[in-house]
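**Q** Prediction below, plus the sequence it came from.
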Amino acid sequence: MSGIIGGAGSKSGVIGETEIDYEEGTWTPALYGNSNGSDPNGYGYRSGFYTKIGRLVTCQFYLHYNSVGTNSGSYMVLKDLPFVQSAAWWGGVSSVLLFQNNASNSLGMGLQIADGNNFCYVYYFTSSGSSITYFPVSGGLGSTSKITGALTYFTA
């Protein structure tokens, strides 16, 4: 018999050979055009935190821009996730994302991780709310944009 007993987050109370694979850390999130080789944007502040339990990874992030460079490609992607997502779980990500370009312009968004990669496609609801589409490279971000979110996915 194997299993975990005791308090959550504790390595004590492990029965048999079962060991909890638990890790916490930071990562540096970046949101830029899918064709850019590097991030052309400037940040006033950005941060990312993650917790990994077994193969399950939960990430939180915050981006606050102070300048927007030339983003290229067809859509924006959230890059540099702390772990590569399992190819067996494409689309198996849940997310909450809020975009604010200024005090009166907030937008609900979503993320979907590309299978076997460490980046997400970024989607948003159109102004009518009737459909979703890729977040645009041109005109999507402003120099005061703020983006915050959380996502959960399985790693390989």
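**A** Yep, that arrived.
**Q** So, low pLDDT: which residues of the protein?
**A** For the chain, applying pLDDT under 70 flags the ranges 1-18, 89-96, 102-107, 126-131.
**Q** can you rerun that using 80?
**A** 1-20, 87-108, 114-115, 124-133, 136-140, 156 (pLDDT under 80).
**Q** That one: strands as residue ranges?
**A** Along the chain, counting by DSSP state E, strands occupy 3-4, 14-15, 22-26, 30-33, 42-53, 56-67, 76-79, 94-102, 105-113, 120-125, 132-134, 146-154.
**Q** Next, format those as CSV and append mean neighbour count.
**A** All C-beta atoms are positioned from the backbone trio N, CA, C, and that covers glycine. Compiled in CSV, those are given as follows (neighbours: other CB atoms under 10 Å):
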stretch, mean neighbour count
strand 3-4, 12
strand 14-15, 13
strand 22-26, 11
strand 30-33, 23
strand 42-53, 15
strand 56-67, 18
strand 76-79, 24
strand 94-102, 16
strand 105-113, 17
strand 120-125, 20
strand 132-134, 13
strand 146-154, 19
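**Q** okay, these in a markdown table with distance to residue 88 next?
**A** Below are these laid out as a markdown table (distance: least, CB to CB, whole Å):
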| stretch | distance to residue 88 |
| --- | --- |
| strand 3-4 | 24 |
| strand 14-15 | 27 |
| strand 22-26 | 21 |
| strand 30-33 | 26 |
| strand 42-53 | 17 |
| strand 56-67 | 14 |
| strand 76-79 | 21 |
| strand 94-102 | 17 |
| strand 105-113 | 12 |
| strand 120-125 | 17 |
| strand 132-134 | 24 |
| strand 146-154 | 8 |
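**Q** partner residues bridging the residue nearest to the spatial centre of the chain?
**A** Centroid-nearest residue in the chain, with CA atoms, centre = their mean: residue 151, separated by 5.4 Å. Note on residue 151: beta-bridge partners residue 59, residue 95, judged by DSSP bridges.
**Q** Out of the strands of the chain, which is closest to residue 86?
**A** Distance to residue 86, taken as CB to CB, is lowest for strand 146-154 among the strands of the chain, at 4.6 Å.
**Q** tell me which strands and helices that closest one is in contact with?
**A** Counting contacts by 3 or more CB pairs under 8 Å, 6 or more residues apart in numbering; DSSP states H and E, strand 146-154 is packed against strand 56-67, strand 94-102, strand 105-113.
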